[in-house]
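S.K.: could you look at this predicted model? Sequence included:
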Amino acid sequence: MSKNPKAPALNILFVMYDQLRFDYLSCAGHPHLHTPNFDRVTKMGVRFTNAYVQSPICGASRMSFYTGRYVSSHGAQFNGFPLRVGEHTMGDHLRRAGMSCALIGKTHMKADDAGMARLGIDKDSIIGVRQSECGFDPWVRDDGLWGAGPDGLYDQKRSPYNEYLKSRGYPSENPWADFANAGIDASGNKATGWMFANADQPANIREEDSETPWLTREAIEFIKQAGDGWCAHVSYIKPHWPYIVPAPYHDMFGPDHVPKPARHAMEKNDPHPIYDVYMRSKVSQAFQRDDVRDKVIPTYMGLIKQCDDQLGVLLDFLDDTGRMDNTMIVLTSDHGDYLGDHWLGEKELFHDPSAKIPMILYDPRPAADATRGTTCDALVEAIDLAPTFVETAGGEVADHILEGRSLLPWLRGETPEWRDFVISEFDYSPTAQCAQLGLAPRDARLFMVFDGRYKLMHAEGGFRPMLFDLQKDPQEFDDLGKSDRHQEEVDRLYGYLAQWGRRLSQRTTRSDADIEASRGASLRKGILPFLVDGTEVPEELTALYRGKAGKSFIED
């Protein structure tokens, strides 16, 4: 275990945006989208330029963030897959270090109800709530996406955001669907955000009542009453679809601000079978259309602009209340969004628009002064945040459980011994693509290995790998896995994957220190097997077994 007992316990503001691309920020070089508050944190801290999620889908990625473990370690490999009861979480680790851990917003957590019932855990108890809320103490949880259809509401749980909208006078049983996620067209009809054609309509809601400002206010109310020594996970629902945003953000950007899609005709020439079925999906076909991109992407940018403005509200609050000097700030995302790049929509595969994320850290302590306003190109994984937070709280990093590595050395300007590659996984067994390929669910698994230059995608089920050289082909157009000319690189990356696959991930009840301390314990208790005459061990261990014998009970 590693320990930093001298590190003072700070507050941690852990901000996550849903489906925010790494390159849709001005600090990352976007040519049209100005995000001064993301830039503000970047100038105060470090922007990590090679940060990758452990799975390019909401639920699995977030469970890795929250447990500090790879997807195949925690097992919650797709949206709606429960995180098994008893899995250690960020909240568990931080509470042991004396820091509270609260949730404000989204987790995409699915509770292991069957596991809790098997163990007799009351869901309304403190431990039951934490097991249901991914280890957090919920201030307010709302995962968004309160859809309604012929079968009723998508999720029967109460939506705090919907209840807020009702209290503000929006006349609907589901005002998220009818107002926050809908505009009004020229004929006075509802223009639902579920349809890309309506993406340029302003949402029929007062801007201050939309999701992002609402959650910002909830975060501020939490901080006001929290005292010190807290970690607050402020998890925004946006800029995740549905792509609709209230005025004035709905028309801040237009088709002239839409970057050309990063795609090439060569990608459709003999494509990998899994890539092929994803290119033919409904959402990918939509994002291959210029008219869709010209409506959706300006709205996506408007959602990000609103997120940036609300980040400014949070930062100003910290400044005005004197908390900026005692609060670590982390800005990140659970995955990206293809937006038509590589002929794809949504996320799920491993090109950078999907698997690479923004990662910006501000540490207020003087030890981080030397790195303020810098970038770091180290290969970073989402699971690195959990040990970073534990070390920040002054706790012990349980490295037999947590599989990431603390980022604090990089913030201090050090060059620690570091990883040679990053890993991401995707289990697509519940998807239509799995069915179209005729795969058994256990074979519908993908793995990414990236060493900073070469990126390999391995697919179970007997498929060839995909391979990209990001040094020569930074946009990932030329799949080198189509031929055997780069077999040496393929073999090397498969070696990394095999090395990772042999990691010790399930021995979570005993640390190395526990094991080392237990060696020889049975000897001290007088359990002395395999001795020839006792001289093999210190005399004190056999002292109680030597000397005059007691009364003899041996028959003549």
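M.R.: Looks like it came in fine.
S.K.: next helix or strand past the helix ranked longest in the chain?
M.R.: When the chain is parsed with DSSP state H, its longest helix is helix 290-320. Counting by DSSP states H and E, the next helix or strand C-terminal to helix 290-320 is strand 327-333.
S.K.: related to what we said a few turns ago, the longest helix of the chain to strand 327-333, inter-axis angle?
M.R.: Helix 290-320 and strand 327-333 are oriented at 170 degrees to each other (axes from the mean of the first three to the mean of the last three CA atoms, to 10 degrees).
S.K.: for the chain, give me the ranges with low pLDDT.
M.R.: 1-9, 156, 556 (pLDDT under 70).
S.K.: check which helices and strands the longest strand anywhere in it is in contact with.
M.R.: What stands out as the longest strand in the chain, according to DSSP state E, is strand 230-239. Packing contacts for strand 230-239, counted by 3 or more CB pairs under 8 Å, 6 or more residues apart in numbering; DSSP states H and E, involve strand 11-18, strand 100-105, helix 211-226, helix 290-320. Placement of C-beta: from N, CA and C, glycine included.
S.K.: okay, these in TSV with distance to I121 next?
M.R.: Output for the helices and strands packed on strand 230-239, formatted as TSV (distance: least, CB to CB, whole Å):
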stretch	distance to I121
strand 11-18	26
strand 100-105	19
helix 211-226	26
helix 290-320	35
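S.K.: including mean neighbour count and distance to G534, could the ones you listed go into CSV?
M.R.: Shown next, in CSV, are the helices and strands packed on strand 230-239 (neighbours: other CB atoms under 10 Å; distance: least, CB to CB, whole Å):
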stretch, mean neighbour count, distance to G534
strand 11-18, 24, 56
strand 100-105, 24, 53
helix 211-226, 19, 61
helix 290-320, 20, 67
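S.K.: out of the ones you listed, which gets nearest to R453?
M.R.: Closest to R453 of these is strand 11-18 (CB to CB; 28.1 Å).
S.K.: pairing partners for that closest one, with directions?
M.R.: Applying DSSP bridges, strand 11-18 is found paired with strand 230-239 (parallel), strand 327-333 (parallel).
S.K.: ok, M324 - contacts?
M.R.: M324 makes contact with L315, L318, P364, according to CB atoms under 8 Å, 6 or more residues apart in numbering.
S.K.: with Y454 instead?
M.R.: L467, F468, D469, L470, E489, R492, L493.
S.K.: again, only this time at 7 Å
M.R.: L467, D469, E489, L493 (CB atoms under 7 Å, 6 or more residues apart in numbering).
S.K.: tell me the spacing between it and F426.
M.R.: In this view, Y454 and F426 are 19 Å apart by CB to CB, to the nearest Å.
S.K.: ok, now G169?
M.R.: G169 is 43 Å from F426, by CB to CB.
S.K.: so these two - more neighbours on which side?
M.R.: F426 (30 against 9; other CB atoms under 10 Å).
S.K.: for that one, which three-state class applies?
M.R.: The assignment at F426 comes out as strand when based on DSSP: H, G, I helix; E, B strand; the rest coil.
S.K.: that one and E348 touch, don't they?
M.R.: Yes. Counting by CB atoms under 7 Å, E348 is a contact partner of F426 at 6.1 Å.
S.K.: picking that back up, next, the angle from the longest strand of the chain to helix 211-226.
M.R.: Using the same axes, to 10 degrees: strand 230-239 against helix 211-226 is 170 degrees.
S.K.: restrict strand 230-239 to CA atoms and write it as PDB.
M.R.: This file holds the C-alpha atoms of strand 230-239, laid out as PDB (Å, rounded to 0.1, in the frame of the first residue of the first chain):
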ATOM      1  CA  TRP A 230     -16.000  16.500   1.400                       C
ATOM      2  CA  CYS A 231     -15.900  15.000  -2.000                       C
ATOM      3  CA  ALA A 232     -18.800  16.200  -4.100                       C
ATOM      4  CA  HIS A 233     -19.500  14.300  -7.400                       C
ATOM      5  CA  VAL A 234     -21.400  16.800  -9.500                       C
ATOM      6  CA  SER A 235     -22.500  14.800 -12.400                       C
ATOM      7  CA  TYR A 236     -24.200  16.700 -15.200                       C
ATOM      8  CA  ILE A 237     -26.700  15.100 -17.500                       C
ATOM      9  CA  LYS A 238     -25.600  17.200 -20.500                       C
ATOM     10  CA  PRO A 239     -24.400  17.500 -23.200                       C
END
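S.K.: now the helix or strand following that strand - C-alpha only, CSV.
M.R.: The helix or strand immediately downstream of strand 230-239 is helix 273-279, counting by DSSP H and E. This file holds the C-alpha atoms of helix 273-279, laid out as CSV (Å, rounded to 0.1, in the frame of the first residue of the first chain):
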residue,chain,number,x,y,z
PRO,A,273,-17.1,-6.7,-39.6
ILE,A,274,-17.9,-5.2,-36.2
TYR,A,275,-17.1,-1.7,-37.5
ASP,A,276,-19.2,-2.4,-40.5
VAL,A,277,-22.4,-3.2,-38.5
TYR,A,278,-21.9,-0.1,-36.4
MET,A,279,-21.6,2.1,-39.5
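S.K.: pull the residues that contact helix 273-279.
M.R.: P271, S284, W343, L344, E348, L349, Q433, Q436, L437, A459, F463, M466.
S.K.: measure the last one to E476 for me?
M.R.: The span separating M466 from E476 equals 9 Å under the rule CB to CB.
S.K.: of those two, which one has the most company?
M.R.: A count of neighbours by other CB under 10 Å puts M466 above the other of M466 and E476, at 24 against 20.
S.K.: who does that one bridge with?
M.R.: M457.
S.K.: would you check that it makes contact with L480?
M.R.: No. Using CB under 7 Å, M466 is not in contact with L480, being 8.3 Å away.
S.K.: for the stretch 401-550 of the chain, what spans make up the helices?
M.R.: Under the criterion DSSP state H, counting those that start in this stretch, the stretch 401-550 of the chain contains helices at 408-411, 432-437, 487-501, 512-518, 521-524, 539-542.
S.K.: can I get those helices in a markdown table including mean neighbour count and distance to R289?
M.R.: Conversion of the helices of the stretch 401-550 of the chain to a markdown table gives the following (neighbours: other CB under 10 Å; distance: least, CB to CB, whole Å):
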| stretch | mean neighbour count | distance to R289 |
| --- | --- | --- |
| helix 408-411 | 22 | 42 |
| helix 432-437 | 16 | 20 |
| helix 487-501 | 15 | 35 |
| helix 512-518 | 11 | 55 |
| helix 521-524 | 11 | 68 |
| helix 539-542 | 13 | 79 |
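S.K.: what's the closest of those helices to A398?
M.R.: Across the helices of the stretch 401-550 of the chain, closest to A398 is helix 512-518 (CB to CB), at 9.9 Å.
S.K.: run the chain-centre distance for that closest one.
M.R.: Relative to the chain's own centre, helix 512-518 is displaced by 31 Å; criterion: CA atoms, centre = their mean, to the nearest Å.
S.K.: let the chain start at 7 from now.
M.R.: Shifting the count to begin at 7 puts that one at helix 518-524.
S.K.: in a strand, N85, correct?
M.R.: No. When the secondary structure is assigned by three-state DSSP, N85 falls in coil instead of a strand.
S.K.: what about it, how many neighbours?
M.R.: By other CB under 10 Å, neighbour count at N85 equals 14.
S.K.: got the contact list for it?
M.R.: N85 neighbours (CB under 7 Å, 6+ apart): I63, C64, G65, H114.
S.K.: how many neighbours does the second one have?
M.R.: Residue crowding around C64 was assessed by other CB under 10 Å; the count is 22.
S.K.: pretty sure it sits against D340.
M.R.: Yes. C64 lies in contact with D340 (CB under 7 Å); the separation is 5.6 Å.
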